[in-house]
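Student: Show me the folded form of this:
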Amino acid sequence: MFDIGISKLALIGVVALIVIGPEKLPRVARTVGTLLGKAQRYVNDVKAEVNRSMELDELRKVKSTIEDSAREVEQSVRTHASDFQKEWSSLEQDVQQATASDDFQNPSFDDAQADDGPQDPSRREFVTAVTPVHRHSRKNWRSQRAALPHWYKARQQVRGRLRSKALRSAAQGAPR
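Tutor: Residues are numbered from 1 along each chain as shown. Below is the predicted model:
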């Protein structure tokens, strides 16, 4: 910004010492320093605002490109869906025409295609016998296992749950 070297700063300091005087020089130097700091902060704020506005413009451009690409994808999906729907409707019409004709009517074929499972009872038993049933080896597998065995806890009188003194005395049958 300014082309000020150390020699020029020293010359300005000597002139300020002579003109202002040694009594007022520290106060003037502080005031000049605060003014320069405020000016520097103002310049930095302006730079930051310009950068934010540039980034906002870039984000708007990116947003518009993404929206355009999303519209293109949506349009292509709609065209493919309409093509598929047309093909599907033509296939349905072909199937209806084929089922309406007498050449395709075969009652044994319809019975073979029924998806009710095996009709023979022996085959049903075989299917259920072969199907594996998964069972957990532990009875209550969701509960966390303790590190100490129950017999040790009982022998050492380790409490599983904390209770207040009133509850403990009531459990033992003693008066409160």
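Student: In the chain, where's the longest helix?
Tutor: helix 25-100 (DSSP state H).
Student: What is it packed up against?
Tutor: Using 3 or more C-beta pairs under 8 Å, 6 or more residues apart in numbering; DSSP states H and E, the elements in contact with helix 25-100 are helix 6-20. C-beta here means a position set from N, CA and C on the backbone, and glycine is covered the same way.
Student: And the helix it packs on, what does it pack against?
Tutor: Where contact means 3+ C-beta pairs under 8 Å, 6+ apart, helix 6-20 is packed against helix 25-100.
Student: quick check: angle from the helix it packs on to helix 6-20?
Tutor: 130 degrees (axes from the mean of the first three to the mean of the last three C-alpha atoms, to 10 degrees).
Student: related to what we said a few turns ago, quick one: average confidence on the longest helix of the chain?
Tutor: Mean pLDDT, helix 25-100: 93.
Student: now swap in stretch 155-166 and tell me
Tutor: On average, the pLDDT along stretch 155-166 is 73.
Student: got the end-to-end distance for it?
Tutor: Start and end residues of stretch 155-166 are separated by 24 Å (C-alpha to C-alpha, to the nearest Å).
Student: Please name the nearest non-neighbouring residue to Ile20.
Tutor: Spatial nearest neighbour of Ile20, chain neighbours left out: Val28 (5.6 Å); criterion: C-beta to C-beta, 6 or more residues apart in numbering.
Student: how close does Ile4 get to Tyr42?
Tutor: Note on Ile4: its distance to Tyr42, by C-beta to C-beta, to the nearest Å, is 20 Å.
Student: Hmm, I typed the wrong one, I wanted Gly13.
Tutor: For Gly13, the distance to Tyr42 equals 25 Å [C-beta to C-beta].
Student: do Ser89 as well
Tutor: Taking C-beta to C-beta, one finds Ser89 at 70 Å from Tyr42.
Student: Asn51 versus Asp45, what's the distance?
Tutor: Asp45 is 11 Å from Asn51, where distance means C-beta to C-beta.
Student: typo on my end, it should be Ser101
Tutor: Distance of Ser101 to Asn51, given as C-beta to C-beta: 75 Å.
Student: Ok, Asp94 next?
Tutor: Separation of Asp94 from Asn51 (C-beta to C-beta): 64 Å.
Student: likewise Gln157?
Tutor: From Gln157 to Asn51 the distance is 71 Å (C-beta to C-beta).
Student: Neighbour count for those two, which is higher?
Tutor: When Gln157 and Asn51 are compared for neighbours, Asn51 comes out ahead with 10 against 6, by other C-beta atoms under 10 Å.
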